[in-house]
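Engineer: Predicted coordinates and the sequence they were generated for:
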Protein chains: 2
Amino acid sequence: MNIHDIAKLSGYSAATVSRVINCRKYVSDDAKLAVQKVIKEYDYVPNDVARDLSKGKTHNIGVVMPHTKHPYYTGIINGIMDAAFPAGYRIVLLPSMYNADIEMNYLNRLRRKAYDAIIFTSHGVSLDDLVNYQAYGSIVCCHDPGNYKISAAYTERIASYLAAFKWAKKQSVHDVAIFLSRDFTLSATSQLTRKAFIEVFGHIPTNDLLRTGVVTYEEGYKSARSLYENKKYPDMIFANGDDIAAGARQFYLDNNLPIPLLIGQENQLSGQLLRLPTIDHNFHEIGKLAFELALENKTRQVSVESKFILRDQKSCPDN
Amino acid sequence: MNIHDIAKLSGYSAATVSRVINCRKYVSDDAKLAVQKVIKEYDYVPNDVARDLSKGKTHNIGVVMPHTKHPYYTGIINGIMDAAFPAGYRIVLLPSMYNADIEMNYLNRLRRKAYDAIIFTSHGVSLDDLVNYQAYGSIVCCHDPGNYKISAAYTERIASYLAAFKWAKKQSVHDVAIFLSRDFTLSATSQLTRKAFIEVFGHIPTNDLLRTGVVTYEEGYKSARSLYENKKYPDMIFANGDDIAAGARQFYLDNNLPIPLLIGQENQLSGQLLRLPTIDHNFHEIGKLAFELALENKTRQVSVESKFILRDQKSCPDN
DNA sequence: TTAGTTTCTGAAACGCGTTTCAGGTCAAGT
DNA sequence: ACTTGACCTGAAACGCGTTTCAGAAACTAA
């Protein structure tokens, strides 16, 4: 049962049926009633894929993300979704595990018109590749793209990193451990962390106090243990997430060791529970902005400031 | 640039080009080389939407979920994704806010062939509706469907509820508060909670110790406050999630009140941090199973047992 | 050598809705 | 009476890849 069948049954043409379905002008009342009757009688609904093909639009936005356990991504996703839903767009989850081949595959799906746009919450392929593939559809990334001509919604992090480190310095810490999800060389965010650290402390982060590939609570725990096993006793840990900091804290607790000063990130529930200082990167807002950029047809960058948050020891949920 | 253009340019027909692209048999080496040369020269890629239309399959699975903040849903989503990715399927996020109209809209998209299948992590429309719409595509729900003929992947919760309440009874609690996300009348899960409660404690849950619509940490906090303001002092709280229990705990802490015995659910990080007893409902596994069911063309139900978890006070992340 | 089987190939139909364009009607304006 | 413009309609083209089917060529087996 397709639009041509309805046309025949109603005695009108497919064009007229299409007009009725889409509430277009230039349809007589007679035609409208006749077509609607047949549509109802045969319980017809048009085929979305055919419509998409015809219109050249799918209303699907692909969202590439390295993994799904990380609240960084779920935060952005939520932001995208809250913006996409009222606009009538759906989001398609595209897990990448930072694998460039998989990401290329997604970029090619963009060429193949499977998505109207792609948002990279993070990416393993080069920015050059992203820039080139813009010829085939809208692409948005979620970090500062520097001079690359590509749309981006990202957090301006440097001020909050500086604030966090300055605060830490005021607490007179000496040996700062850093737990990152990706290496300085791989990630612009990690580079920023490094830069802020150097600016405040006057020297580069100590390598044997650095742990990378740390994303979860468990990994925070293990990284703390690894420091201890290597006889490293930092008096502060700067972690890539509150959960990570919470994991580290638990290691020291479990072993009756003094807990270093902890700074988390992402303003997660764990940080709230433990009253950790944290940095809120406004991911929800980033997601919203990224979606808006995805629908525009010129490249543009927008950023929001992230915020260093110190909590007092008493708590009360916002309300 | 479409398949017909390539056909003309290579001197072969569209059928042959299609065969080359899809690595079909019955193509001569000459033809293959000629076509591949033109494809490479013009950097041609086929249009996915046209292919989907032609094949009648999109490789998209719609996943309906009431909201996205809740770890119940993110857990299932992760499970679905881990299974869907290797199978070459993508998942499309369909937020519903329990709104039946919106859900109907998604069901109609299934009719319109926008998705190969839909998984309802939860639903506001009736089971009758779900059963009826199976005529238009595979539908899976994530709770026990009783006698309804529909595929389902769900958690068998009753044993763990009983275990939790029995354990609680052994701690000789008297006044049990219950924090649920949905009312007894609305949710089968809530009904189960009620049933187990009655079986163990011999009476129905006290209404003025019941709070519904509780999902987050903040709401847990507020619900505890609401109890207190109503001069209710439960000696135990059975919460619908660890985060909720953590929120309640914080209220008592903040006000220097004795903390009731707490039982959470979902085995969330907050519960791990606070060493709360919890119930793990195996959502990741449910997601995986739901995806498998979505691809089958007969209805089938599978379930996994949930587990009541008591923790000792010392912790060590699994590894 | 004959019958039978593979291998190639392409025209045309198919999946299905949208849009353009030409042709026609009818009422308002001059 | 004549132009103008708004309204209505449908054939055909378009978006684009897949599949069927028939015909031809080439090879195998008897």
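Structural biologist: Sure, I can see it.

Engineer: wait, residue A:71 sits on residue A:268?
Structural biologist: Yes. The criterion here is CB atoms under 8 Å, and residue A:71 meets it with residue A:268 at 5.6 Å. For every residue, glycine as well, the C-beta is placed using N, CA and C.

Engineer: what residues are shared contacts of these two?
Structural biologist: A:241, A:243 (CB atoms under 8 Å, 6 or more residues apart in numbering or on different chains).

Engineer: who has more neighbours, those two?
Structural biologist: residue A:268 (25 against 21; other CB atoms under 10 Å in any protein chain shown).

Engineer: so that one sits right up against residue A:241, yeah?
Structural biologist: Yes. The criterion here is CB under 8 Å, and residue A:268 meets it with residue A:241 at 6.3 Å.

Engineer: any residues in contact with both of the two?
Structural biologist: With CB under 8 Å, 6+ apart, residue A:268 and residue A:241 have common neighbours residue A:71.

Engineer: and residue A:303, that one's in a strand?
Structural biologist: Yes. Under DSSP: H, G, I helix; E, B strand; the rest coil, residue A:303 sits within a strand.

Engineer: who's it bridged to?
Structural biologist: Residue A:303 has these beta-bridge partners by DSSP bridges: residue A:154.

Engineer: Need the per-residue pLDDT for residue A:183.
Structural biologist: With respect to pLDDT, residue A:183 scores 85.

Engineer: which residues sit in contact with it?
Structural biologist: Applying CB under 8 Å, 6+ apart, the residues near residue A:183 are A:190, A:212.

Engineer: and it, which of the three is it?
Structural biologist: coil.

Engineer: So it versus residue A:205, what's the distance?
Structural biologist: 12 Å (CB to CB, to the nearest Å).

Engineer: what's the answer for residue A:287, then?
Structural biologist: 30 Å.

Engineer: before we move on, what about residue A:156?
Structural biologist: Relative to residue A:205, and taking CB to CB, residue A:156 is found at 21 Å.

Engineer: May I have the helix or strand harbouring residue A:17 as CSV, with CA atoms only?
Structural biologist: Taking DSSP states H and E as the definition, residue A:17 sits inside helix A:14-21. Provided in CSV are the C-alpha atoms of helix A:14-21 (Å, rounded to 0.1, in the frame of the first residue of the first chain):
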residue,chain,number,x,y,z
ALA,A,14,-0.2,10.7,-6.4
ALA,A,15,0.7,14.4,-6.5
THR,A,16,-2.7,15.3,-5.0
VAL,A,17,-2.4,12.6,-2.4
SER,A,18,1.0,14.0,-1.5
ARG,A,19,-0.5,17.5,-1.2
VAL,A,20,-3.3,16.2,1.1
ILE,A,21,-0.9,14.4,3.3
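
Engineer: How about that helix and chain B, any contact?
Structural biologist: No. Using CB under 8 Å from any CB of the partner chain, helix A:14-21 stays clear of chain B, with a minimum separation of 11.6 Å.

Engineer: Quick one: mean pLDDT for that helix?
Structural biologist: Mean predicted confidence for helix A:14-21 is 95.

Engineer: Buried residues, it. List them.
Structural biologist: A:16-21 (16 or more other CB atoms under 10 Å in any protein chain shown).

Engineer: Over to stretch A:156-169?
Structural biologist: A:157-158, A:160-165, A:167-168.

Engineer: helix/strand/coil for the residue in the stretch 151-300 of chain A positioned nearest to chain B?
Structural biologist: Residue nearest to chain B within the stretch 151-300 of chain A (CB to the nearest CB): residue A:218, separated by 4.1 Å. Recorded secondary structure, residue A:218: helix (three-state DSSP).
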